[in-house]
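**Student:** Have a look at this fold, sequence not included:
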């Protein structure tokens, strides 16, 4: 079915909150958010001498792969570690919707078909609520050049991969792919096959690339500067430890996809958890409300007997926050010992009363305090406690199959800062790396 005239116009990044706010919690947090946005400008309250933390730089880039006909075949966001060597690859479904739930569906591949690859970056930024430093569009030959330094990768393809003519590029099963073969899989797009049917193969190839890189090739000097090219970005990513992951998606009901386009919906809470750990400095705050950091730092004993990880618990809290149209910027899931009662640390005394109203409805028993340290871009830090686990036992927070399906490791770079009055939230796991910097 053809796209409407409105769909053919360049899409704008949608950052407005929905017309109706659905709960009293949202009303309280959005109202206080307006105050926070006004008072958190640069240079505000020079008399406040509390130490300030900032999130470390984690440069990123969008790598889009097209087939011979210019169709978007695969896409991935590559994010560098704070030290500038190694990082994370998050593979995107090319049929993922960038509409933010407003208007008609906008799959990424259709955006490229109608508006060209120059429109892709804005759509991805809107969809992921993420600032993207650069976008590079490559074909099979250019991608093979990037992959050449890695050599053959071991991959277990879940499905046969066919190209635009229906020819088989690679058969399902375990195989070893040379760089040109891996590039051929990632650049294959059969328009007669739904994009999500080919997506698992793209995720498998990038996972194989990450496995081949391991702890890093060490061929490129680390740098914290923004990448200058796809070769620079990829070279720095593979020079250190590299992880790769895909994203969960769901189908749209026909009533929400009247044009019947090839499109799927990403899980917003999962997206926030993933990028909130990998690159909080790049995460955007599109809603006119508070910006949150979520700490889910339980020890194994506190989670004993529960079919949930620290990431699962963080996911449920992020899901609740997003339901109230707040912004989740940062997520930390390194192992520590969580407090008995969930504590919310606000950046300013003026926020305390309003946050007290909303936080108890969201998280159960809570204490609200003013933080002894500030984090640039963050108005409230939620340190989940044992009381939140009790609240999870009391209230079902997600549909069946949602909580418990987020992998325990979402990438090598998370955040860690001394942000509370009573605890220093440092990470001691290999899956969590400090991405904050102390400005004094």
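**Tutor:** That came through, no problem. This one's a predicted model, so the numbers in the text were calculated from it and none came from an experiment.
**Student:** Let me know the average pLDDT across stretch 220-237.
**Tutor:** Averaged across stretch 220-237, the pLDDT comes to 89.
**Student:** For the strand ranked longest in the chain, name the packing helices and strands.
**Tutor:** Looking across the chain with DSSP state E, the single longest strand is strand 72-80. Packing partners of strand 72-80 (3 or more Cβ pairs under 8 Å, 6 or more residues apart in numbering; DSSP states H and E): strand 60-66, strand 87-92, helix 108-115, helix 120-128, helix 195-213, helix 230-238. Bear in mind the C-beta positions are built from the backbone N, C-alpha and C, glycine included.
**Student:** looking at those, which is closest to residue 282?
**Tutor:** Among the helices and strands packed on strand 72-80, the nearest to residue 282 by Cβ to Cβ is strand 60-66 (5.8 Å).
**Student:** I'd like to check the angle between that closest one and helix 120-128, please.
**Tutor:** 120 degrees (axes from the mean of the first three to the mean of the last three Cα atoms, to 10 degrees).
**Student:** got the angle for strand 60-66 vs helix 108-115?
**Tutor:** 70 degrees.
**Student:** quick one, which of the helices and strands packed on strand 72-80 is packed in tightest?
**Tutor:** Highest mean neighbour count of the helices and strands packed on strand 72-80: strand 87-92, a mean of 27 (counted as mean count of other Cβ atoms under 10 Å).
**Student:** coming back round to it: partner strands of the longest strand of the chain, parallel or antiparallel?
**Tutor:** strand 60-66 (antiparallel), strand 87-92 (antiparallel) (DSSP bridges).
**Student:** any chance of these in a markdown table, plus mean pLDDT and distance to residue 234?
**Tutor:** Listed next are these as a markdown table, based on pLDDT from 0 to 100; distance: least, Cβ to Cβ, whole Å:
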| stretch | mean pLDDT | distance to residue 234 |
| --- | --- | --- |
| strand 60-66 | 98 | 7 |
| strand 87-92 | 98 | 10 |
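**Student:** So for residue 314, which of these sits nearest?
**Tutor:** That would be strand 87-92 among those, by Cβ to Cβ, at 16.8 Å.
**Student:** Just the angle for that closest one relative to helix 230-238, thanks.
**Tutor:** Using the same axes, to 10 degrees: strand 87-92 against helix 230-238 is 120 degrees.
**Student:** Residues contacting strand 87-92, please?
**Tutor:** 58, 74-81, 108, 124, 199, 202-203, 206, 209-210, 236-237, 240, 242-247, 274-275, 278, 411-413 (Cβ atoms under 8 Å, 6 or more residues apart in numbering).
**Student:** Please compute how far it lies from its chain's middle.
**Tutor:** 9 Å (Cα atoms, centre = their mean, to the nearest Å).
**Student:** hey, where'd the helices end up in the stretch 251-400 of the chain?
**Tutor:** 268-278, 310-323, 352-363, 386-394 (DSSP state H, counting those that start in this stretch).
**Student:** In JSON lines: those, plus distance to residue 302 and mean neighbour count.
**Tutor:** Output for those, formatted as JSON lines (distance: least, Cβ to Cβ, whole Å; neighbours: other Cβ atoms under 10 Å):
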{"stretch": "helix 268-278", "distance to residue 302": "19", "mean neighbour count": "25"}
{"stretch": "helix 310-323", "distance to residue 302": "9", "mean neighbour count": "24"}
{"stretch": "helix 352-363", "distance to residue 302": "16", "mean neighbour count": "19"}
{"stretch": "helix 386-394", "distance to residue 302": "6", "mean neighbour count": "17"}
